[in-house]
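> here is my input, please return the structure:
(one chain, ligands or ions: 1)
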Amino acid sequence: MESEYTKERALGLLSAEGDALEDLYRHADMVRRNHMGEEVFIRGIVEFSNICLNDCLYCGIRASNRDVARYAIPPEEIVDIAHAMKGSEQTTVVLQSGETPGMADDKLGSVIRRIKGETGLAVTVSVGNRPYETYRFWKECGMDRYLLRFETSDRALFARLRPGSSLDERLRCLGHLKDLGVQTGSGFMIGLPGERPEVLADNIILCRSLDLDMIGIGPFIPHPGTPLRGTKNAYHDDPEMFFKALAVLRVFNPDAHIPATTAFDAVFPGSGRDLALKRGANVFMPNNTPVRYKKEYLLYPGKPSVDESPEECTEAAVARIESLGRIIGKGPGHSFKKRPGRGL
Ligand code: SAM
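Sure, this is the predicted structure:
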């Protein structure tokens with residue numbers, strides 16, 4: 001019943017303390033188990049280019065950050081990385097980059113086509129706002145899923161933090177992806193400067209109303225090479241809020257795939273992603289970017305495992321999942337949602 005999913009309820013849960021907080025975490029874990037099972041899907045991320053023309057105030061690879069050595073991994077090498085993933089526990093390759101084509105749209109299309117044809121892995125793309133026709137072309141090439149966080153549901157905050165773009169434009173892109181039948185993921189950062197719990201509750205409600213297949217959220221972490229260098233996360237005095245947000249997100253979105261994102265480990269080294277898996281998450285995304293590029297894809301400081309190879313990152317992910325008593329997901333881990341026009 002939709003009346004269960006109100007802003008008031010979200011706010012009430014976000015303010016839980018003590019026994020009520022333990023109840024929230026237990027409930028989120030139960031909702032995850034009942035709707036998504038004990039499987040944790042491992043999706044390998046490849047940060048194939050850090051070239052970006054956007055100047056998002058929060059992001060370490062923003063165009064104005066001159067301290068970043070820009071790279072674009074050649075198409076052949078990306079396909080090789082996907083080949084190396086085949087046969088491991090990773091059944092999806094996630095291709096992510098900055099928001100300006102580090103690679104022309106047609107070249108990315110042929111990379112998608114080759115990965116699908118040669119490895120059979122599921123392909124997720126995350127390269128920002130693009131026209132409908134481009135999304136359609138990539139879908140024809142075999143793209144299964146797309147990740148495009150709306151970042152914040154607060155229109156004014158969005159406009160301030162992402163100069164030259166708007167929340168409505170972002171939401172239009174998400175609409176195009178859904179219309180095309182692409183499994184669609186979105187999400188937000190937790191604790192952007194100026195954010196209040198009301199906005200956090202609105203973010204969670206927006207995820208629900210978008211009826212997303214995947215939802216990725218993680219704490220905002222100020223980067224020293226950005227205009228937000230002097231700011232603090234809005235919940236820096238109360239980092240428990242990061243996990244509360246995740247738990248409420250699960251309660252409000254029972255059948256979405258929710259990753260334990262890397263930013264949780266940046267804030268709680270070595271344990272953040274495990275706690276996220278215990279409080280609602282069911283996906284883990286080990287980094288498959290070769291070490292020589294990885295250090296130049298620093299969205300925020302404290303990125304874990306920058307010196308570890310893709311194989312080491314994947315082995316560590318498997319060990320962490322198994323130590324929690326969970327099962328490694330088999331098969332592509334597509335969305336459970338079945339809707340007209342989605343072809344699922
Ligand atoms: N360019 C694509 C886009 O904008 O959708 C994909 C790459 S973008 C760098 C990936 C995500 O990193 C963003 O959606 C944002 O939520 C996150 N991010 C960027 N800077 C961050 C920061 N300082 N702290 C936490 N997350 C950050």
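
> who's in contact with the residue nearest to residue 231 when sequence neighbours are not counted?
Spatial nearest neighbour of residue 231, chain neighbours left out: residue 193 (4.2 Å); criterion: C-beta to C-beta, 6 or more residues apart in numbering. (Glycine included, C-beta is placed from N, CA and C.) The contact partners of residue 193, by C-beta atoms under 8 Å, 6 or more residues apart in numbering, come to 220, 228, 231-234.

> now do residue 193, the pLDDT please.
With respect to pLDDT, residue 193 scores 95.

> and the one 5 residues further on, by the same measure?
You'll see residue 198 listed with a pLDDT of 98.

> can you map out the strands along the chain?
39-49, 90-97, 122-126, 145-147, 183-190, 214-219, 259-260, 283-284, 327-328 (DSSP state E).

> tabulate these (a markdown table), appending mean neighbour count, distance to the ligand and mean pLDDT.
What follows is the strands of the chain, written out as a markdown table (neighbours: other C-beta atoms under 10 Å; distance: least, C-beta to the nearest ligand atom, whole Å; pLDDT from 0 to 100):
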| stretch | mean neighbour count | distance to the ligand | mean pLDDT |
| --- | --- | --- | --- |
| strand 39-49 | 24 | 8 | 97 |
| strand 90-97 | 24 | 5 | 97 |
| strand 122-126 | 23 | 5 | 98 |
| strand 145-147 | 26 | 7 | 98 |
| strand 183-190 | 26 | 5 | 98 |
| strand 214-219 | 26 | 6 | 98 |
| strand 259-260 | 28 | 12 | 98 |
| strand 283-284 | 28 | 15 | 98 |
| strand 327-328 | 14 | 25 | 97 |
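
> so for residue 4, which of those sits nearest?
Residue 4 sits nearest to strand 214-219 of all these, at 17.9 Å, using C-beta to C-beta.

> next, the angle from the closest one to strand 183-190.
Taking axes from the mean of the first three to the mean of the last three C-alpha atoms, to 10 degrees, strand 214-219 and strand 183-190 form an angle of 10 degrees between their directions.

> neighbouring contacts of strand 214-219?
Strand 214-219 has contacts (C-beta under 8 Å, 6+ apart) with 145, 147, 149, 183-191, 203, 207, 233, 235, 239, 242, 245-246, 249, 253, 256-259, 261-264, 266-267, 283, 335.

> apply 7 Å and report the result again.
With contact meaning C-beta atoms under 7 Å, 6 or more residues apart in numbering, strand 214-219 is reached by 145, 147, 149, 183, 185-191, 207, 233, 242, 245-246, 249, 253, 256-259, 261, 263-264, 267.
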